[in-house]
Structure formats: C-alpha cells, structure tokens
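**Q** sharing a model that was predicted from the sequence below.
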Amino acid sequence: MSGDNDYHRGETGGPDAKRTRFPTAGPASAGNIPHRPPTGQRMLFPGIRVLAYHVVGHIDDPLLRNYSVTPEQFEAQLQALMGVGFSFVDAATLLDALDGVPVKKPSLLLTFDDAYAGLIEHAVPVLRRLGVPAVVFVVTDEIGGTNSWDVKNGVQSLPLLDAQMLHMLHQEGWEIGSHSRRHPYLPKLEGAALREELTASRTDLIALGLPAPRLLAYPHGGHDLRVRAFARAAGYSAAFGTREHRTHPTANARFAVPRIEPLRSHGPEALVNAVLGPPAASRRWTASREVRSLTLSAWTATSGHLRFRSSGA
Ligand SMILES: [Zn+2]
C-alpha cells in the first residue's frame with residue numbers, strides 16, 4: 001500500500017450505514033497524521049483485519065455465551081461488514097500480505113477457534129451462501145472430542161469437529177490451522193511441553209491426511225517472545241493472538257497477528273464499529289515492518305489518535 005492516503009472517504013454502506021458511528025477521535029497532538037475524518041463520516045481502509053469467532057449456535061452457557069453468536073446474528077454481522085464494503089479473503093491472501101503483497105481493498109479474514117462441530121450446521125451454510133472463505137483452528141488432541149479444557153472450568157461440554165468433518169471443510173476450501181494439542185496457556189509451559197504442543201499438533205493434522213497447518217492460533221490468545229519463537233521454529237507461517245493479547249514490536253510480529261473477537265453483545269452495527277476502529281494498542285505495532293504489510297494504513301496513521309469503541313448499540 002502506498003501510505004496514509006490510501007483510504008476512501010465517505011463510503012456508503014447498507015441500511016445501517018447512516019447510523020454507524022465512526023470511532024471517536026481523541027485530542028490532536030504533535031505527530032498525528034492529519035487525516036482524521038470528520039465525525040460521522042465513514043472510512044474504509046485497504047488491508048486485512050482478522051475476525052476470531054468461537055461458537056456459532058444457540059448457547060445459553062453463562063461462561064460461553066458471549067463467545068457465541070446465533071446463526072442469525074452471524075449472518076447479520078457478515079452482511080453488515082460486506083454491506084459497508086469489506087471483502088472476505090482467504091488465508092493465502094493473508095500470507096501474501098504478510099510477505100509484503102499490497103492488499104488494495106478493505107478486507108477481512110474469518111477465523112474460528114476451537115473447531116466446534118456446530119460450525120457444520122450453523123456456519124457452513126451461511127458461508128456457502130455468501131461465498132466467504134474461512135480458517136478453523138483445531139485442538140488436535142480433541143478432534144471428534146469436546147471442549148475439555150473449558151469443561152474443567154465449568155463450561156458446557158460441546159462436541160468438536162471430527163476428522164471427517166475437517167476433511168469436508170478442507171475440500172470446501174477452508175484452511176485448517178492448529179490451536180495447539182490440548183489448549184494450554186502456552187507462555188506457562190516449559191520448553192519441551194511447549195514444543196510438543198506446537199509440533200505434535202502439526203503432525204496430528206498431517207497424520208489425518210490434511211495439509212501441514214500453516215497457521216496457528218494461540219489458545220487463550222496467550223503468547224510471548226518465547227512462544228512466538230517456538231511457533232516459528234515449529235514451521236508455522238503465521239500465528240494469531242486476540243485483541244487482549246497483542247505483542248510488542250519485534251521481528252516475530254507475523255507470529256502475533258491481532259484479531260477482533262465478534263461477541264454476542266455485538267450487534268451488526270457495533271461489530272462494524274469495532275472493525276473500523278484501530279485496536280487500542282496499535283501504536284505498539286507501528287514499528288514492525290511485518291505488521292505494516294498486514295495492517296491497515298489507518299492503524300498506523302491514527303495510532304494514539306482514535307479511541308477504539310468495542311461495544312455499543
Ligand atoms: Zn480456544
């Protein structure tokens with residue numbers, strides 16, 4: 001991308017466009033790039049942002065509920081994002097972007113953590129209808145099992161995708177990624193255990209006849225410098241955190257790609273706002289060349305300048 005002028009002013013969107021708020025602008029200060037939009041004006045930026053979904057289905061569990069969206073809500077969220085001008089891209093496009101290939105359109109990559117079996121019934125039909133590609137991150141010790149790591153904490157037990165379902169998704173064009181072997185908080189593991197979580201989860205998928213996973217999502221979004229280095233050494237091409245667990249600018253930044261988590265509490269309008277807004281800690285990323293190639297010019301142009309609004313109406 002060529003820089004801070006690569007955005008479109010005054011985009012119009014779907015039926016909700018007029019009501020969608022632009023993130024509130026903070027006070028101007030020295031060094032800010034002078035491209036702040038007038039309040040209420042919509043802007044879309046070229047580049048890719050990544051969404052991290054978990055459950056799609058009707059879940060009442062109090063601990064899991066906010067990390068689930070109903071199929072109707074899921075479709076409404078995707079429609080709202082497409083309605084304001086976002087395109088959904090596949091994992092290969094993200095990897096190209098991480099390698100420096102410019103992404104000229106405002107784009108999103110859709111990912112699902114934990115590989116719940118309900119995706120087949122509740123997400124796949126929606127994605128087929130809309131022509132949206134996706135990535136699913138698998139806890140490989142629980143293929144065909146349950147979310148045992150959450151059940152330990154009192155969360156409702158839910159079935160996970162089995163091998164046949166993973167093959168079906170792969171044949172549909174889904175990217176099958178790793179979410180470790182047992183879903184531990186990786187920064188707490190000592191070296192041998194950490195290495196095993198990252199490498200054995202690759203070999204587990206390969207043993208099923210699936211491609212060696214290129215992508216990793218850190219369980220609980222947890223990573224640090226050592227975890228990122230192990231992920232790189234294990235052979236992944238990129239790895240994902242979540243909004244709450246961003247990294248510091250290092251050469252390993254492609255192993256800490258941030259994601260936005262759409263929640264049950266996000267109406268379509270609130271999710272559009274969350275996606276349009278820069279992450280709160282984006283200023284920490286601006287020193288990273290790798291991230292520059294991925295993130296939107298807005299993130300760098302407005303770091304420290306716009307406030308992120310993650311929830312609302
Ligand atoms: Zn997870």
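**A** On my side now, so go ahead. Numbers count the residues shown, from 1 in each chain.
**Q** from now on I want contacts and neighbour counts done on CA atoms only, so please keep to that.
**A** Noted.
**Q** for the ion, what are the nearby residues on the stretch 201-313 of the chain?
**A** Neighbours of the ion within the stretch 201-313 of the chain, by C-alpha under 5 Å from the ion: Pro219.
**Q** can you pull out the helices in the stretch 201-313 of the chain?
**A** Per DSSP state H, counting those that start in this stretch, the stretch 201-313 of the chain carries helices over the ranges 225-233, 268-276, 289-294, 297-301.
**Q** out of those, which gets the lowest mean score?
**A** Note on the helices of the stretch 201-313 of the chain: helix 297-301 shows the lowest mean pLDDT, a mean of 31.
**Q** show me where the stretch 201-313 of the chain dips below the pLDDT cut-off.
**A** 243-252, 278-313 (pLDDT under 70).
**Q** OK, now which residue of it is nearest to the ion?
**A** As assessed by C-alpha to the ion, the ion sits closest to Pro219 within the stretch 201-313 of the chain, at 4.7 Å.
**Q** who are the contact partners of that residue?
**A** Neighbouring residues of Pro219 by C-alpha atoms under 8 Å, 6 or more residues apart in numbering: 179-180, 183-186.
**Q** now do Asp204
**A** For Asp204, the contacting residues are Thr140, by C-alpha under 8 Å, 6+ apart.
**Q** need the CA coordinates for stretch 257-267. CSV is fine.
**A** C-alpha atoms of stretch 257-267 as CSV (Å, rounded to 0.1, in the frame of the first residue of the first chain):
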residue,chain,number,x,y,z
VAL,A,257,-1.4,-11.2,14.2
PRO,A,258,-4.1,-9.5,16.2
ARG,A,259,-7.7,-10.5,15.8
ILE,A,260,-11.1,-8.9,16.6
GLU,A,261,-13.5,-11.1,18.5
PRO,A,262,-17.1,-10.7,17.5
LEU,A,263,-19.2,-11.3,20.5
ARG,A,264,-22.8,-12.0,21.3
SER,A,265,-23.1,-8.4,22.6
HIS,A,266,-22.1,-7.1,19.2
GLY,A,267,-25.0,-6.1,17.1
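**Q** could you check how far the closest residue to Ala234 other than its chain neighbours is from Leu216?
**A** Take Ala234 and drop its neighbours on the chain: the residue closest to it by C-alpha to C-alpha, 6 or more residues apart in numbering is Thr199, 5.5 Å away. Distance of Thr199 to Leu216, given as C-alpha to C-alpha, to the nearest Å: 11 Å.
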